[in-house]
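Enquirer: Okay, structure incoming, though there's no sequence with it:
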């Protein structure tokens with residue numbers, strides 16, 4: 001793994017064609033494989049993407065509100081997310097404090113060798129090593145709001161960190177543009193996650209957002225007021241908020257309202 005990399009990176013025309021295709025994707029299910037395919041062209045066969053519009057002051061917020069997409073091994077993800085290893089991951093901490101930039105994983109490796117990591121951070125590095133998640137780069141996205149946060153980790157299971165660093169010197173700008181455009185596209189598509197709204201719940205929220213009263217909605221639906229109130233209550237519960245105004249805001253940030261009827 002110490003020899004020169006043999007990755008055949010895409011030409012400018014190939015890259016632009018791929019980016020055009022990505023911008024035309026209609027769903028996450030369509031867009032995400034495109035992102036993985038294009039990053040694989042640069043030799044990155046493992047990718048971890050995470051973004052949220054609901055970060056708190058000190059952490060990433062509720063994972064149920066985050067968009068998390070990855071092709072990492074399921075067992076690794078079960079430990080990394082389920083056992084909350086992510087809260088002590090050096091790269092995720094770096095993402096929180098360095099929006100709009102990129103960093104080599106050699107930074108974390110050096111910190112480990114220098115004894116500069118906490119015991120909890122060291123456990124994360126040991127977990128990564130067990131799954132050969134050792135060589136890569138992390139791109140932190142510019143913040144769209146004070147509560148937004150996100151980044152993407154690109155990893156190679158067959159290149160050394162030195163090879164990746166050399167690749168980044170030559171192609172890093174292309175890869176960062178690809179990652180940032182992917183983020184903007186993924187962030188613009190409906191994401192269900194654990195916050196599932198029914199069609200009626202979505203319709204009710206959309207009508208309230210348009211200025212209609214509960215009585216107006218009941219009349220349009222030819223149902224009683226109690227039925228409308230029930231759907232709004234269930235929408236609030238599904239989104240884990242207290243008020244209908246909060247539900248509309250959260251559903252908007254998750255791109256679950258005012259979406260194409262074909263995506264419902």
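Expert: Received it, and whenever you're ready, just let me know what you need. Since this is a predicted model, take the numbers as computed values, not measurements.

Enquirer: Quick check: the residue most central in space within the chain vs residue 129, distance?
Expert: Per C-alpha atoms, centre = their mean, the C-alpha nearest to the average position across the chain is that of residue 50, at 2.8 Å. Residue 50 sits 21 Å away from residue 129, taking C-beta to C-beta, to the nearest Å as the criterion. Every residue, glycine included, has its C-beta placed from N, CA and C.

Enquirer: before we move on, what about residue 108?
Expert: Separation of residue 108 from residue 129 (C-beta to C-beta) stands at 11 Å.

Enquirer: neighbour-wise, which of these two wins?
Expert: Per other C-beta atoms under 10 Å, whichever of residue 108 and residue 129 has more neighbours is residue 108, with 25 against 12.

Enquirer: low-confidence ranges in the protein?
Expert: Applying pLDDT under 70 to the chain flags the ranges 1-6, 56-61, 191-195, 259-264.

Enquirer: now the helices for it?
Expert: 12-23, 28-40, 74-77, 90-97, 106-113, 119-130, 161-187, 199-209, 214-221, 225-239, 244-253 (DSSP state H).

Enquirer: Out of these, flag the one nearest residue 143.
Expert: Residue 143 lies closest to helix 90-97 among these, at 10.2 Å (C-beta to C-beta).

Enquirer: Okay, angle between the closest one and helix 106-113 too, please.
Expert: 120 degrees (axes from the mean of the first three to the mean of the last three C-alpha atoms, to 10 degrees).

Enquirer: can you redo the helices of the chain as JSON lines with distance to residue 140?
Expert: JSON lines is the format used below for those (distance: least, C-beta to C-beta, whole Å):
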{"stretch": "helix 12-23", "distance to residue 140": "20"}
{"stretch": "helix 28-40", "distance to residue 140": "16"}
{"stretch": "helix 74-77", "distance to residue 140": "20"}
{"stretch": "helix 90-97", "distance to residue 140": "4"}
{"stretch": "helix 106-113", "distance to residue 140": "13"}
{"stretch": "helix 119-130", "distance to residue 140": "17"}
{"stretch": "helix 161-187", "distance to residue 140": "10"}
{"stretch": "helix 199-209", "distance to residue 140": "32"}
{"stretch": "helix 214-221", "distance to residue 140": "42"}
{"stretch": "helix 225-239", "distance to residue 140": "27"}
{"stretch": "helix 244-253", "distance to residue 140": "20"}
